[in-house]
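S.K.: Structure, please.
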Amino acid sequence: MGAVTTGGGVVIGNLKQALRQAQQLERAGRLAEAARLYRAVLSSFPGNPDARRAMARLSSAAGAQDPASALRALYQ
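M.R.: Presented below is the predicted three-dimensional model:
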């Protein structure tokens with residue numbers, strides 16, 4: 001599996017490591033950090049279903065009434 005790099009160029013590791021770290025951040029309530037890491041995963045692997053579901057979950061947790069708008073906000 002390929003490496004996942006954040007927007008700042010920091011290499012996270014492979015896909016599994018990046019997803020595991022993002023899930024740990026999410027469970028710890030560090031949602032903004034988790035979202036950044038999920039975005040990094042999606043930047044490297046745009047079709048990754050785990051990261052996509054996680055971003056939808058985070059938008060729901062943010063109380064989004066319009067999931068599409070919430071997802072757009074998370075990607076900015």
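
S.K.: what's the neighbour count on Glu26?
M.R.: By the criterion of other CB atoms under 10 Å, Glu26 has 19 neighbours. Any C-beta I mention is one placed from the backbone N, CA and C, and that applies to glycine too.

S.K.: In a helix, it, correct?
M.R.: Yes: counting by DSSP: H, G, I helix; E, B strand; the rest coil, Glu26 is located in a helix.

S.K.: what's around the residue nearest to it when sequence neighbours are not counted, how many residues?
M.R.: Using CB to CB, 6 or more residues apart in numbering and skipping the chain neighbours, the partner closest in space to Glu26 is Ala34 (4.0 Å). The number of residues packed near Ala34 is 23, by other CB under 10 Å.

S.K.: Would you mind listing the buried residues in the helix or strand hosting Ala34?
M.R.: Applying DSSP states H and E as the criterion places Ala34 in helix 31-44. For helix 31-44, burial by neighbour count (16 or more other CB atoms under 10 Å) applies to Ala34, Ala35, Arg36, Leu37, Tyr38, Arg39, Ala40, Val41, Leu42, Ser44.

S.K.: Give the buried residues for stretch 20-30.
M.R.: Gln21, Ala22, Leu25, Glu26.

S.K.: what would these look like in TSV with distance to Asp50 and pLDDT?
M.R.: Below are the buried residues of stretch 20-30 laid out as TSV (distance: CB to CB, whole Å; pLDDT from 0 to 100):
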residue	distance to Asp50	pLDDT
Gln21	13	94
Ala22	9	94
Leu25	14	94
Glu26	12	93
